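>>> fold the following for me, if possible:
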Amino acid sequence: MASLQTTPLLSSSLTKINASIRIPNPPPLSRSLPKLPSKTLRIDQLNGSTHTIPLENNVVTTHIYQDLFSPTDKSSHNLTLQLYAILEQVSDRIEMHKNIGEQRNNWNTLLLNSVNMITLSATAMAGVAAATTGDTGAPLLALKLSSTLLFSAATGMSLIMNKIQPSQLAEEQRNATRLFKELHTQIQTLITIGNPTEKDVKSSIEKVLALDKAYPLPLLGAMLDKFPQKYEPAVWWPSSQSQRKSRTQERKRSKNGWSEDLEKELREVIEVIRKKDSEDYERLGNIALKVSKSLAIAGPLLSGIAAVGSSFVGNGSLAALVPLMAGSLASAVNAFEHGGQVGMVFEMYRNCGGFFTLLEETIRDTLEETDTEKRENGEVFEMKVAMKLGRSVSGLRRLASKSASCAMEGIVVDEFASKLF
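The predicted structure follows:
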């Protein structure tokens, strides 16, 4: 009986508890919510009942998306799109330089074969004309005239060929293709890492324009001078003035992988590059330039002499000897100049000299930045320099130590910085 009497009391108390924990209706939402499939928002109560909140039709969801994509994210997205646009243009330039390089390499082969065949044919005609000096009339005149015209044509073609230097043009396009591929990889790395800056975009554009200027595609008006007054290394990067950062006067405590020993090491490497590698390629470049100039003058001159001499065939043994010797020598000179691709060798020396100049400027500009946090990590930079020179990091340090010892003794180090070229 006692238990039966307590049951109503327990049930009534439980009922009261259920009524007491009922939560109030939620306040009106002051924040815009994204559009949902239904027009009401359902909120379950603890007592099993539900409360619905009608949603207005003009709910604006842009505030939520603005929170998801901050202005910084939008700016980074736009910069990434700009890098993709630059990447497309770089890919197009790679294809253009590759195709034009193959075309100009074909020019070298075809023009060389044509000039030599014309020269040798004219020489043979002059020899036949000299062998028939006893005859007179149309046959001798025809041989002399044909020989003279062929020698004249060979002279004109040789002048054009020596002016444009197709082998050097082909080497320029090969270098441009390689450098644009390198730039393509750098931009892809920037995109992959993420968070590009305006400076990255501007630097990429400047690099593309600098390469366009260093290795122009057209021949008329923009072609590089194939016979400059003196050897100068190629320059395919923006000037350091346009990329130089504002220098701070005080050095921060954080070293970022840099130390005084590493800076001294890199300065010694610069000295070795400047005194050994750059000077050696300048010497070789000047030699190649002189040889190219001499051959470019000798070929057309010899064929021109042969053209004049062939018109006097039949007036004596000496007159017959001149076109034969001059034509043979002209053919040999053209074969050595364009078959040996002397212009390509000169361009190769220019490119190598430009490589060392760029490496020297890169190291110097990095060391001039007094804020080590704005530099590239010192250990990574040291490894990059060593790899570009075809050395290990320990080998680079050994070279710097050897250079410092030689400087104290007042002698020049007897080792080149680069083991790659």
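
>>> residue ranges with poor pLDDT in this structure?
Applying pLDDT under 70 to the chain flags residues 1-74, 133-138, 240-254, 315-317, 421.

>>> can you map out the strands along it?
40-44, 50-54 (DSSP state E).

>>> show me where the stretch 101-250 of the chain has its helices.
Taking DSSP state H, counting those that start in this stretch to define them, one finds helices in the stretch 101-250 of the chain at 138-164, 166-193, 198-214, 240-243.

>>> ok, which of those comes nearest Val345?
Set against Val345 and scored by Cβ to Cβ, the helices of the stretch 101-250 of the chain come closest in helix 166-193, at 8.4 Å. Placement of C-beta: from N, CA and C, glycine included.

>>> by contact count, what packs against that closest one?
When contacts are defined as 3 or more Cβ pairs under 8 Å, 6 or more residues apart in numbering; DSSP states H and E, helix 166-193 packs onto helix 71-131, helix 198-214, helix 342-368.

>>> can you list the buried residues in that helix?
By neighbour count with 16 or more other Cβ atoms under 10 Å, helix 166-193 contains the buried residues 166-177, 179-181, 183-184, 187, 190.

>>> point to the residue nearest the middle of this structure.
For the chain, the residue nearest the mean C-alpha position is Leu179 (2.3 Å; Cα atoms, centre = their mean).

>>> where's that residue relative to Met344, distance?
17 Å (Cβ to Cβ, to the nearest Å).

>>> so how far is Phe416 from Leu399?
Note on Leu399: its distance to Phe416, by Cβ to Cβ, is 9 Å.

>>> report the contact partners of the residue nearest to Leu169 when sequence neighbours are not counted.
Closest residue to Leu169 apart from its sequence neighbours, by Cβ to Cβ, 6 or more residues apart in numbering: Arg104 at 4.3 Å. By Cβ atoms under 8 Å, 6 or more residues apart in numbering, the residues touching Arg104 are Pro166, Leu169, Ala170, Gln173.

>>> and for Gly395?
Contacts of Gly395 (Cβ under 8 Å, 6+ apart): Ala386.

>>> with distance to Leu220 added, can I get the helices of the stretch 101-250 of the chain in a markdown table?
Shown next, in a markdown table, are these (distance: least, Cβ to Cβ, whole Å):
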| stretch | distance to Leu220 |
| --- | --- |
| helix 138-164 | 10 |
| helix 166-193 | 13 |
| helix 198-214 | 16 |
| helix 240-243 | 29 |
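
>>> for those, which one sits closest to Leu318?
Closest among these, once you apply Cβ to Cβ, is helix 138-164, at 15.6 Å.

>>> returning to that earlier point: could you look over the helices and strands packed on helix 166-193 and pick the most buried one?
Mean neighbour count (mean count of other Cβ atoms under 10 Å) peaks for helix 342-368 among the helices and strands packed on helix 166-193, with a mean of 20.

>>> now do it and helix 138-164, the angle between them.
Counting by axes from the mean of the first three to the mean of the last three Cα atoms, to 10 degrees, helix 342-368 points 0 degrees away from the direction of helix 138-164.

>>> name the helices or strands packed onto helix 342-368?
Contact analysis of helix 342-368 by 3+ Cβ pairs under 8 Å, 6+ apart lists helix 166-193, helix 240-243, helix 260-272, helix 279-310, helix 378-388 as its packing neighbours.

>>> now those helices in a markdown table, with distance to Glu361?
Below are the helices and strands packed on helix 342-368 laid out as a markdown table (distance: least, Cβ to Cβ, whole Å):
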| stretch | distance to Glu361 |
| --- | --- |
| helix 166-193 | 16 |
| helix 240-243 | 6 |
| helix 260-272 | 10 |
| helix 279-310 | 16 |
| helix 378-388 | 13 |
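
>>> which of these sits closest to Val90?
Per Cβ to Cβ, nearest to Val90 of the helices and strands packed on helix 342-368: helix 166-193, 4.8 Å.

>>> to the chain's geometric centre, what's the distance from the closest one?
4 Å (Cα atoms, centre = their mean, to the nearest Å).

>>> same question for stretch 213-228.
For stretch 213-228, the distance to the chain centre is 17 Å (Cα atoms, centre = their mean).

>>> pull out the buried positions in it.
Of all the residues in stretch 213-228, those buried under the rule 16+ other Cβ under 10 Å are Ala214, Tyr215, Leu224, Lys226.

>>> next one: stretch 401-417
Those would be Ser403, Cys406, Val413, Phe416, Ala417, for stretch 401-417 by 16+ other Cβ under 10 Å.
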